[in-house]
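Participant: The following block contains a protein sequence and its predicted model.
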Amino acid sequence: KQEVTQIPAALSVPEGENLVLNCSFTDSAIYNLQWFRQDPGKGLTSLLLIQSSQREQTSGRLNASLDKSSGRSTLYIAASQPGDSATYLCAVIYDNDMRFGAGTRLTVKP
Amino acid sequence: SQTIHQWPATLVQPVGSPLSLECTVEGTSNPNLYWYRQAAGRGLQLLFYSVGIGQISSEVPQNLSASRPQDRQFILSSKKLLLSDSGFYLCAWSGTGILYNEQFFGPGTRLTVL
């Protein structure tokens, strides 16, 4: 059974901190992995797509890493800002299947 | 560039009434299309996906149905709404080919069934 877990469920940090969000998956035969951000009452915004052949992807202050052998992906946010406050979800993409994690709710305090 | 639209943004409907939610995509051809539901405090649940006009696959048995009358139009419907149909409905698209690969989401429709 393919399961995706995101830890922690919620995280509160002061502005300026670097932080790491975790996504773990039980089936390592993934195709790709995608990180999203969701603001309250809004749709999902795609942040990064990391292919199974890649180890990491970067976009601005965001860096996503992928370790298939250990079944883990991390999303690193540098120099966090209040505007980063949102729920972050990972989606693990398999061949003709996909699993979303439940998300990590991030609050960055000014 | 590609954009995805959903309407209405919010909807309040009585139990037993019909439902029609619409999703349209611009700037791409022959996309894979998806309908999700996000209930309060719960994760995303895939309801339907479509790989082409008239081709609908259902992921869970439910009170809902989907149709794809045009290449870039995806409609979610119900003949009689239930209280349990309340939730946040999201439409998404991905490029032709591998299902679920790099999806882009619409702004969502908040449905409240009273």
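Facilitator: Here it is on my side, so go on.
Participant: what does chain B put close to chain A?
Facilitator: B:6, B:42-44, B:46, B:88, B:90, B:92, B:98-108, B:110 (Cβ under 8 Å from any Cβ of the partner chain). Glycine gets a C-beta too; all of them are placed from N, C-alpha and C.
Participant: Among those, the buried ones, what's the PyMOL command?
Facilitator: Buried residues within those, by 16 or more other Cβ atoms under 10 Å in any protein chain shown, are selected in PyMOL with:
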select buried, chain B and resi 6+44+46+88+90+92+99+100+101+102+103+104+105+106+108
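Participant: So which of the residues of chain B next to chain A are in helices?
Facilitator: Counting by DSSP state H, no part of those is found in helices.
Participant: Show me where chain A dips below the pLDDT cut-off.
Facilitator: A:1 (pLDDT under 70).
Participant: show me where it has strands.
Facilitator: In chain A, the segments counted as strands under DSSP state E are A:4-7, A:10-14, A:19-25, A:32-38, A:44-51, A:56-59, A:62-67, A:72-77, A:86-94, A:97-100, A:104-109.
Participant: repeat for chain B
Facilitator: Under DSSP E, chain B gives strands at B:3-7, B:10-13, B:19-26, B:32-38, B:44-52, B:55-58, B:65-70, B:73-78, B:87-94, B:104-105, B:109-113.
Participant: Same list, these, but as JSON lines with distance to A:Leu106 and mean pLDDT please.
Facilitator: Listed next are those as JSON lines, based on distance: least, Cβ to Cβ, whole Å; pLDDT from 0 to 100:
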{"stretch": "strand B:3-7", "distance to A:Leu106": "25", "mean pLDDT": "96"}
{"stretch": "strand B:10-13", "distance to A:Leu106": "26", "mean pLDDT": "97"}
{"stretch": "strand B:19-26", "distance to A:Leu106": "28", "mean pLDDT": "98"}
{"stretch": "strand B:32-38", "distance to A:Leu106": "18", "mean pLDDT": "95"}
{"stretch": "strand B:44-52", "distance to A:Leu106": "18", "mean pLDDT": "93"}
{"stretch": "strand B:55-58", "distance to A:Leu106": "34", "mean pLDDT": "93"}
{"stretch": "strand B:65-70", "distance to A:Leu106": "33", "mean pLDDT": "97"}
{"stretch": "strand B:73-78", "distance to A:Leu106": "30", "mean pLDDT": "97"}
{"stretch": "strand B:87-94", "distance to A:Leu106": "19", "mean pLDDT": "96"}
{"stretch": "strand B:104-105", "distance to A:Leu106": "19", "mean pLDDT": "96"}
{"stretch": "strand B:109-113", "distance to A:Leu106": "22", "mean pLDDT": "96"}
